[in-house]
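Q: A predicted structure for the sequence below; I have some questions about it.
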Amino acid sequence: MASPVWMLLPLLLLLLLGSLAGHRPWKKQVYQSHKGIGEACRINEECQSNCCTTGSLDPSKQCNPKTILLRCLPWRKPNGHRCFHNSECQSRCCVRSNRSPQKFCTPLTIFLQCVPWRKPDGDFCGNHRECNSQCCIQLREDSPHRCIRRSGILAQCLPL
């Protein structure tokens, strides 16, 4: 009678040879019919391009081409659309555009900066960063802080 170790040896040899050949029984399911660009999908592996992302404000996914650098980039909102985070926008810039708390995708400056909207002179403020002039001071001891324009030869943040 053969020992149990000798009976398992052919099975172990088969598993070893299969893993060397790239065949693994525990490998993820491979989709036989890859979908083309524009077809509906759920996961990257369904697509020929291996890139399944949303293509517009519509949350459904579709197969999309990869970039020149072979990256699969998610679709991002163009300028003017409502947003919550910088990562949602093509410009990577999601800021308030007025007193309203809503944020919108806005273009970067020519220096590639994302500049938030700031309060105009005369508005109430809590710190210098809130003001367009970067100057938030209390005009009198008993008055609230307000945004004021910078004054003086060196354009300093001084009371009037």
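A: Looks like it arrived, so ask away. Since this is a predicted model, take the numbers as computed values, not measurements.

Q: For stretch 79-89, buried residues please.
A: Within stretch 79-89, the residues that count as buried by 16 or more other Cβ atoms under 10 Å are 83, 88-89. C-beta: built from backbone N, CA, C; applies to glycine.

Q: what's the answer for stretch 56-68, then?
A: So, applying 16+ other Cβ under 10 Å, buried residues of stretch 56-68: 61-64.

Q: list the contacts for residue 156?
A: For residue 156, the contacting residues are residue 150, by Cβ atoms under 8 Å, 6 or more residues apart in numbering.

Q: any idea how far it is from residue 150?
A: 6 Å (Cβ to Cβ, to the nearest Å).

Q: Spit out the contact partners of the spatially closest residue to residue 98 that is not a sequence neighbour.
A: With Cβ to Cβ, 6 or more residues apart in numbering as the criterion, residue 98 has its nearest non-adjacent residue at 6.2 Å, and that residue is residue 117. Residues near residue 117 by Cβ under 8 Å, 6+ apart: 95-98.

Q: Assign residue 117 to one of the three secondary structure states.
A: Classification of residue 117 by DSSP: H, G, I helix; E, B strand; the rest coil places it in coil.

Q: again, but for residue 95
A: Put simply, residue 95 is strand when judged by three-state DSSP.

Q: domain ranges for this protein?
A: 30-75, 76-116, 118-160 (automatic domain parsing).

Q: Let me have the ones you listed in a markdown table, adding mean pLDDT as columns.
A: Shown next, in a markdown table, are the domains of the chain (pLDDT from 0 to 100):
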| stretch | mean pLDDT |
| --- | --- |
| domain 30-75 | 83 |
| domain 76-116 | 89 |
| domain 118-160 | 84 |
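
Q: show me where this structure has strands.
A: 52-54, 61-63, 82-83, 94-96, 103-105, 136-138, 145-147 (DSSP state E).

Q: got the buried residues for the fourth one?
A: The neighbour-count criterion (16+ other Cβ under 10 Å) identifies residue 94 as the buried residues of strand 94-96.
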